[in-house]
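1. Here is my input; please provide its structure:
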Amino acid sequence: MENKMSLKEKSLVFIGFMGVGKTTIGELVAEKLNRDFIDIDREIEKEYGMPTTEIFKTFGEKEFRANEKAVIQSYSKQKSKIISVGGGAFLQEEIRSICLENCIVFFLDLSFELWKERMNLIIDTRPVLQGRNIEEIEELFHSRQEIYSSHHFKVITDNKNEEEVANYIIECLTKESE
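-> Here you go, the predicted model:
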């Protein structure tokens, strides 16, 4: 079935490793473009009434991923949304396909060295990082890079603030629609 949405109507999806700034940048881009912002993890947390770490502990990753897929499927088919997906969402081939077909996918790329500086801010809220040492986290970081290679735009965020990244994304969209 052919997607009938125009480029300007397509939702934007932000992918990348946990803690790279998908939510922060997504909220800023949504504000600048006057679009609704959707954080998939927050939507799932609202549904369950608990944080993601508790969902993983109580129901397991398998249930979380199934719910994640359903929520992403729903939002990716809607027009003009800004969507931040969890760092592991693109592990599911079906999610990658849906997002790439229905939306414009931006990969927010941050070097591991700069990401490590953020690790202490996020480690307690990311169930996939729980109980891992730094070597295991680095291995996870690098192994996920391949799944993020499926995108429409790659945005290197090293040494850029949120405003610079958001403006760059909007500039990419402007050029693409010309």
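2. Residue 104 reaches residue 155, doesn't it?
-> No: using CB atoms under 8 Å as the test, residue 104 is too far from residue 155 to be in contact (11.9 Å). Using the backbone N, CA and C atoms, a C-beta is placed for each residue, glycine as well.
3. So between those two, which is more surrounded?
-> residue 155 (22 against 18; other CB atoms under 10 Å).
4. and the host helix or strand of that one, C-alpha only, in PDB?
-> In this assignment (DSSP states H and E), residue 155 forms part of strand 153-156. This file holds the C-alpha atoms of strand 153-156, laid out as PDB (Å, rounded to 0.1, in the frame of the first residue of the first chain):
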ATOM      1  CA  PHE A 153      19.300  11.600   8.000                       C
ATOM      2  CA  LYS A 154      22.200  11.200  10.400                       C
ATOM      3  CA  VAL A 155      22.900  14.100  12.700                       C
ATOM      4  CA  ILE A 156      26.300  14.200  14.500                       C
END
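5. So for that strand, what gets flagged as buried?
-> residue 155 (16 or more other CB atoms under 10 Å).
6. next one: stretch 166-178
-> For stretch 166-178, by 16+ other CB under 10 Å, it's 166, 168-169, 172-173.
7. Tell me which residues touch residue 172, please.
-> 106, 153, 155 (CB atoms under 8 Å, 6 or more residues apart in numbering).
8. related to what we said a few turns ago, given the strand holding residue 155, what are its sheet partners and their directions?
-> strand 103-109 (parallel) (DSSP bridges).
9. Can you name the residues in contact with the partner strand?
-> Under CB under 8 Å, 6+ apart, the answer for strand 103-109 is 7, 10-16, 20-22, 25, 76, 83, 99, 148-158, 165, 169, 172-173, 176.
10. Could you list which of those residues belong to strands?
-> 11-15, 83, 153-156 (DSSP state E).
11. Pull the most distant pair out of these.
-> Taking CB to CB, the two most distant members of the ones in strands among the contacts of strand 103-109 are 11 and 156; they sit 22.6 Å apart.
12. Would you mind measuring from residue 152 to residue 96?
-> 12 Å (CB to CB, to the nearest Å).
13. Stretch 59-66: how far from the chain's middle?
-> In terms of CA atoms, centre = their mean, to the nearest Å, the centre of stretch 59-66 is set 18 Å apart from its chain centre.
14. average pLDDT across that stretch?
-> Mean pLDDT, stretch 59-66: 93.
15. ok, now how distant is the residue nearest to residue 14 when sequence neighbours are not counted from residue 6?
-> Once flanking residues are discounted, residue 14 sits nearest to residue 22: 4.1 Å by CB to CB, 6 or more residues apart in numbering. Residue 22 sits 24 Å away from residue 6, going by CB to CB.
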